[in-house]
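Starting from these lines, generate the structure:
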Amino acid sequence: MMKKRLFTLSLISLFAVLLLAACGGKDDKANGDSKDGKDKGVMAQIEKRDKFIFGVKHDTRLFGLKNPSSGEVEGFDIDLAKALAKEILGDESKVEFKEVTSKTRIPMLNNGDIDAVIATMTISEERKKEVDFTDVYFEAGQSLLVKKGSKIKGLEDLKKGTKVLAVKGSTSAVNIREKAPETQVLEFENYAEAFTALKSGKGDALTTDDSILYGMADEDPSFGLVGGTFTEEPYGIAVKKGNKELVDKLNEALKKVKDSGKYDEIKNKWIKEQ
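The predicted structure follows:
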């Protein structure tokens, strides 16, 4: 009888220990603590590793394009990211760049694969539900790119029978369906694929932000922008939701980069409007 009672007490004690351990694990997770007690805040991780991991485009000429000769990613977003790293960490080389697309950038951010996205990303109310944004770092506007001599001169020419190319996951694809509901919209994985499709005659126009289209026209002068801009597309740097400290640090650094004249230097280097 005594052995049975001791066995029962042992089971109760074991159950209590397991229950406390489970509750403790839940509390740690809720507080954002890892098993070793380290803070999971993104800014804390950046400071610990002493390096920023930015998500950038690899296919967007003038903003983020991988140079096939050097293997390095180059552009406005890249240089700005380096300038921000210098302000925050004291050295522009304390950066790592990972490729993102319009479709993958938010999932990669939320999965913790990158610290921030600086990749021609338009600030929108819909996206604010998923991520937090810094102040605007570049003012763009959606436009159309066509083969020079095209009959398409603006939105009014996008009617039934016309085909417009866009990129999956972009605000441009949503906007063009609203602005030109009769046109057929074909979506591609990235800007390189979309531009290749335009050059091969698979569409009548390509639509995205004018800043990106300038890069395509710079690459192939037989194409040009038409119709001006028909939206406002303010670019912001995106971070995982709830990381106010990181947003504040980036905003402070962005202001310093602008006040010092470094921002204008970077912009003039890459962006030459037609």
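
For residue 102, what is the enclosing helix or strand?
Here residue 102 sits in a region with no helix or strand, counting by DSSP states H and E.

helix or strand for residue 213, which one?
Per DSSP H and E, residue 213 falls inside helix 210-219.

Output the contacting helices and strands for that helix.
Under the contact definition 3 or more CB pairs under 8 Å, 6 or more residues apart in numbering; DSSP states H and E, helix 210-219 sits against strand 131-140, strand 142-147, helix 191-199, strand 223-226. All C-beta atoms are positioned from the backbone trio N, CA, C, and that covers glycine.

So for residue 58, which of the ones you listed sits nearest?
For the helices and strands packed on helix 210-219, the distance to residue 58 is smallest for helix 191-199, at 8.7 Å, taking CB to CB.

Residues in contact with stretch 139-156: which ones?
Stretch 139-156 is contacted by residues 120, 122, 157-158, 162, 164, 171-172, 175-176, 179-180, 195, 198, 204-213, 216-217, 222-235 when judged by CB atoms under 8 Å, 6 or more residues apart in numbering.

Just the buried ones from those residues?
Using 16 or more other CB atoms under 10 Å as the burial test, the contacts of stretch 139-156 include 120, 122, 157-158, 162, 164, 171-172, 175-176, 180, 195, 198, 204-213, 216-217, 223-227, 230-231, 233-235 as buried.

for residue 52, what are its contacts?
Under the criterion of CB under 8 Å, 6+ apart, the neighbours of residue 52 are 46, 81, 84-85, 88-89, 94-96, 115-116.

Reformat those residues as a markdown table; add pLDDT and secondary structure.
Conversion of the contacts of residue 52 to a markdown table gives the following (pLDDT from 0 to 100; DSSP: H, G, I helix; E, B strand; the rest coil):
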| residue | pLDDT | secondary structure |
| --- | --- | --- |
| 46 | 96 | helix |
| 81 | 98 | helix |
| 84 | 98 | helix |
| 85 | 98 | helix |
| 88 | 97 | helix |
| 89 | 97 | helix |
| 94 | 98 | coil |
| 95 | 98 | strand |
| 96 | 97 | strand |
| 115 | 98 | coil |
| 116 | 98 | strand |
